[in-house]
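>>> give me the fold of what follows.
(one chain, ligands or ions: 3)
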Amino acid sequence: MTNQFTRSDKAYQVFEEEQISRGIDIDQAVEQIKALQIETPSWGYGDSGTRFKVFQQEGVPRSPFEKIDDAAFVHELTGACSSVAIHIPWDHVDNFAELKDHAQAKGIGLGAVNPNLFQEDIYKFGSVTNTDPDVRKRAVDHLLECADIAKTIGSRDVSLWFADGSNYPGQVDFRQRKHWMYEGLKALYEALDENQRMLIEYKFFEPAFYHTDLADWGMAFNMANKLGGKAQVLVDTGHHAQGTNIEHIVAYLIDEEKLGGFHFNSRKYADDDLIAASLDPYELFLIFNQIQLASADTNPDVQKTAKDIAFMLDQSHNVEKKIPAVLRSIMNVQTQFAKSLLVNHQALAEKQVQQDVLGAEQVVREAYEFDVRPLLHRVREELGRPIDPYKAYEQSGYEANISSRGKGGMSW
Ligand code: LRH
Ligand code: MN
Ligand code: MN
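Ligands and ions are numbered 1, 2, ... in the order given. Predicted coordinates:
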């Protein structure tokens with residue numbers, strides 16, 4: 001008999017006892033894991049590739065509706081993915097209310113609306129920062145169209161990433177473009193309802209190789225700050241230079257009440273968009289650790305910010321199967337989140353005051369070293385979901401079902 005670590009199992013009981021003896025409120029941890037929702041990206045279900053090749057897989061969705069079907073099945077198996085982000089025009093449909101109804105009927109919602117300002121020829125030299133006023137207007141109109149779509153589908157977040165940048169010194173006027181960027185963002189800001197948000201994402205390079213208009217968190221933060229409360233920064237874990245201390249950025253932005261969301265993925269070299277925590281699990285754990293610490297801050301506004309972050313995957317699965325890749329990502333994120341709940345905050349604060357360098361590091365690392373499968377299995381069991389969603393998918397027959405879609409589905 002295999003040990004499934006369900007609540008009645010010995011492994012779970014040993015785990016629970018040890019955590020209680022460490023001062024961890026295990027029932028609270030269970031509730032927090034149950035509440036963790038990670039939005040999946042519609043484009044993670046479609047065909048994707050590199051500039052060298054897009055391999056077509058069998059069973060890939062042929063329409064935004066089918067992408068939603070796949071996302072809904074991921075939610076059915078995990079209970080942790082109640083919404084799916086859409087990218088416009090990749091997910092353009094004539095009637096967005098119909099798409100919303102379709103999602104609802106399948107048991108999920110539509111999440112962040114991502115404008116796409118990088119795939120049309122007119123954007124070759126930039127979108128909102130293009131020297132051509134007609135192109136800038138087209139770009140802003142698209143942002144406003146996405147704000148309208150977000151209103152139609154009842155989505156809170158418009159999630160922004162700009163490919164705008166340049167390849168050679170002298171090619172563009174940095175400061176002029178900074179002003180145009182602000183103007184474009186402001187037009188969107190003003191169109192948003194009070195309960196809506198715009199999330200400003202940054203990335204240091206690609207597709208532009210010399211400069212990018214929103215290259216780092218400081219630039220995104222500055223824009224968000226100048227715009228006001230509806231504008232927040234989005235951290236995509238793959239968008240930093242090697243060695244960047246992302247958890248520090250996270251702590252800083254939460255403390256400024258300016259962290260609105262995440263795009264989770266892993267990378268080895270650049271923006272590789274691999275399965276979250278497949279290469280860098282400790283980094284994701286340390287990010288969640290900062291979020292947990294801020295969630296317990298004495299300042300209620302900081303606490304509120306930390307508890308109101310949109311967690312999203314942003315990945316493309318080039319050679320691996322799409323739905324299993326999403327499931328593995330979600331399970332990886334849950335694992336690191338669960339571990340971050342095992343850090344004893346009081347012990348950490350004491351070690352910091354004592355200037356006990358290794359003692360403090362030990363408090364953090366110790367939590368990471370626990371095997372949290374018993375905890376996750378208990379959560380999934382209580383949610384009435386399979387304790388191993390990945391395995392459940394393999395056994396579900398879903399893959400055989402979607403194979404009738406054939407090859408040549410939607411890409412990105
Ligand atoms: C850019 C990015 C951004 C896009 C997505 C497809 O690299 O991270 O979030 O919208 O990829
Ligand atoms: Mn992203
Ligand atoms: Mn990216």
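
>>> per-residue confidence at whichever residue of the chain sits closest to ligand 1?
As assessed by CB to the nearest ligand atom, ligand 1 sits closest to residue 161 within the chain, at 3.7 Å. Backbone N, C-alpha and C define where each C-beta goes, glycine included. Residue 161 carries a pLDDT value of 98.

>>> report the contact partners of it.
114, 201, 203, 234, 236 (CB atoms under 8 Å, 6 or more residues apart in numbering).

>>> which positions in the chain make contact with ligand 1?
Taking CB under 6 Å from any ligand atom as the contact definition, the chain meets ligand 1 at 43, 114, 161, 201, 203, 236, 263, 271, 314.

>>> cutoff 5 Å now
114, 161, 236, 314 (CB under 5 Å from any ligand atom).

>>> can you tell me the helix or strand for residue 234?
strand 231-236 (DSSP states H and E).

>>> against which helices or strands is that strand packed?
strand 197-201, helix 217-227, helix 246-255, strand 259-264 (3 or more CB pairs under 8 Å, 6 or more residues apart in numbering; DSSP states H and E).

>>> if you set the cut-off to 6 Å instead, what comes out?
Using 3 or more CB pairs under 6 Å, 6 or more residues apart in numbering; DSSP states H and E, the elements in contact with strand 231-236 are strand 197-201, helix 217-227, strand 259-264.

>>> and the average pLDDT for it is what?
Rounded mean pLDDT across strand 231-236 is 99.

>>> in the stretch 151-300 of the chain, where is pLDDT below threshold?
By pLDDT under 70, the stretch 151-300 of the chain has no low-scoring segment.

>>> burial of residue 137, as a residue count?
14 (other CB atoms under 10 Å).

>>> can you read off the pLDDT for it?
98.

>>> so it: helix, strand or coil?
helix (DSSP: H, G, I helix; E, B strand; the rest coil).

>>> got the contact list for it?
Residue 137 sits next to no residue when contact means CB atoms under 6 Å, 6 or more residues apart in numbering.

>>> SS state for residue 311?
Classification of residue 311 by three-state DSSP places it in strand.

>>> ok, the residue in the stretch 51-200 of the chain that ligand 2 sits nearest to to residue 254 distance?
Minimum separation of the stretch 51-200 of the chain from ligand 2 (CB to the ion) falls at residue 161, amounting to 5.7 Å. Noted for residue 161: a distance of 21 Å to residue 254, by CB to CB, to the nearest Å.

>>> spell out which parts of the protein neighbour ligand 2.
Within reach of ligand 2 by CB under 5 Å from the ion, the chain has these residues: 236, 263, 314.

>>> so what's the first one up against?
Put plainly, it is residue 236. Applying CB under 6 Å, 6+ apart to residue 236 gives the contacts 201, 263, 314.

>>> follow-up on the earlier one: can you give me the angle the strand holding residue 234 makes with helix 217-227?
160 degrees (axes from the mean of the first three to the mean of the last three CA atoms, to 10 degrees).

>>> and strand 231-236, what's buried?
By neighbour count with 16 or more other CB atoms under 10 Å, strand 231-236 contains the buried residues 231-236.

>>> run the angle between that strand and helix 246-255 for me.
160 degrees.

>>> what angle separates strand 231-236 from strand 259-264?
Interaxial angle, strand 231-236 versus strand 259-264 (the same axes, to 10 degrees): 20 degrees.

>>> next one: phi and psi at the residue of the stretch 51-200 of the chain closest to ligand 2?
Residue 161 adopts backbone torsions of phi -140, psi 130, taken as degrees, to the nearest 10.
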